[in-house]
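>>> Build me a model from this:
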Amino acid sequence: MVRRILSTTAALAALALAQPALAAETYVFDKGHTDIQFSWDHFGFSTTSAEFEEFSGELRFDPEDRANSSIDVTIDVGSVDSGFATFNEHLTEKPEWFDTDQYPKATFTSTKIKALGNDRLRVTGDLTLKGVTREVTLDTTINKIGQHPVTEARTIGFDATTTVNRSAFDMGKYAPNVGDEVTISISSEMQRESDL
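Sure, this is the predicted structure:
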């Protein structure tokens, strides 16, 4: 009896090893359908916003366990666009703002993803900006997963938001008159790399 149990167990183990493990799939940004924006209060008169035009990254998505997914993003901070060229130069060149001569890139690396149900995720990770790293959490909603009707690539669309204090990244000038809180909003389509 013991021999039969051991034999069965060994056979099941061998079968399990023979089955291909489901690996996370790699997705990359569809830049034409991705917006990375940030906005802040301007003296109480308006909400001002800008966006980054150049970025790259990978989403490693586990379809069987979304919490086992991860994402890395790198942003070319010098690509900031406020819609006003003089202000763009002010943001990128001044040492009290992005200071892109010293800090040309910003990065986000996820450290934990929690599935909340109803296609909602809480994505926690490390945001590095101006050489300062802080933990941030993005409230994320998966809008749709499926084959893109034009590219035919499997595509994941999502929206994500978080709020950070710019003073935590050594950019606190004019606070609190110009809002210290900055809302970061991302709307993106990412396509499975193997389909491209």
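
>>> which strand is the longest one in the chain?
strand 25-42 (DSSP state E).

>>> can you list contacts of that strand?
Strand 25-42 has contacts (C-beta atoms under 8 Å, 6 or more residues apart in numbering) with 47-52, 55-63, 75, 151, 154-156, 166, 178-179, 181-194, 196. All C-beta spots, glycine's among them, are computed from the backbone N, C-alpha and C.

>>> how about it as PDB, C-alpha atoms only?
This file holds the C-alpha atoms of strand 25-42, laid out as PDB (Å, rounded to 0.1, in the frame of the first residue of the first chain):
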ATOM      1  CA  GLU A  25       2.900  38.000 -20.100                       C
ATOM      2  CA  THR A  26       4.900  41.200 -21.000                       C
ATOM      3  CA  TYR A  27       3.000  44.300 -22.200                       C
ATOM      4  CA  VAL A  28       4.400  47.600 -23.500                       C
ATOM      5  CA  PHE A  29       2.900  51.000 -23.900                       C
ATOM      6  CA  ASP A  30       0.900  52.000 -26.900                       C
ATOM      7  CA  LYS A  31       2.200  55.600 -26.700                       C
ATOM      8  CA  GLY A  32      -0.400  56.900 -29.000                       C
ATOM      9  CA  HIS A  33      -3.100  56.000 -26.500                       C
ATOM     10  CA  THR A  34      -1.300  56.700 -23.200                       C
ATOM     11  CA  ASP A  35      -1.500  59.900 -21.200                       C
ATOM     12  CA  ILE A  36       0.700  60.600 -18.100                       C
ATOM     13  CA  GLN A  37      -0.600  63.800 -16.600                       C
ATOM     14  CA  PHE A  38      -0.200  65.700 -13.400                       C
ATOM     15  CA  SER A  39      -2.200  68.600 -12.000                       C
ATOM     16  CA  TRP A  40      -2.100  71.000  -9.100                       C
ATOM     17  CA  ASP A  41      -4.000  74.000  -7.600                       C
ATOM     18  CA  HIS A  42      -2.800  77.400  -8.800                       C
END
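
>>> Identify the residues contacting the closest residue to Asp76 other than its chain neighbours.
Using C-beta to C-beta, 6 or more residues apart in numbering and skipping residues adjacent in sequence, the residue nearest Asp76 is Glu54, 3.8 Å away. Neighbour list for Glu54: 75-76, 78-79 [criterion: C-beta under 8 Å, 6+ apart].
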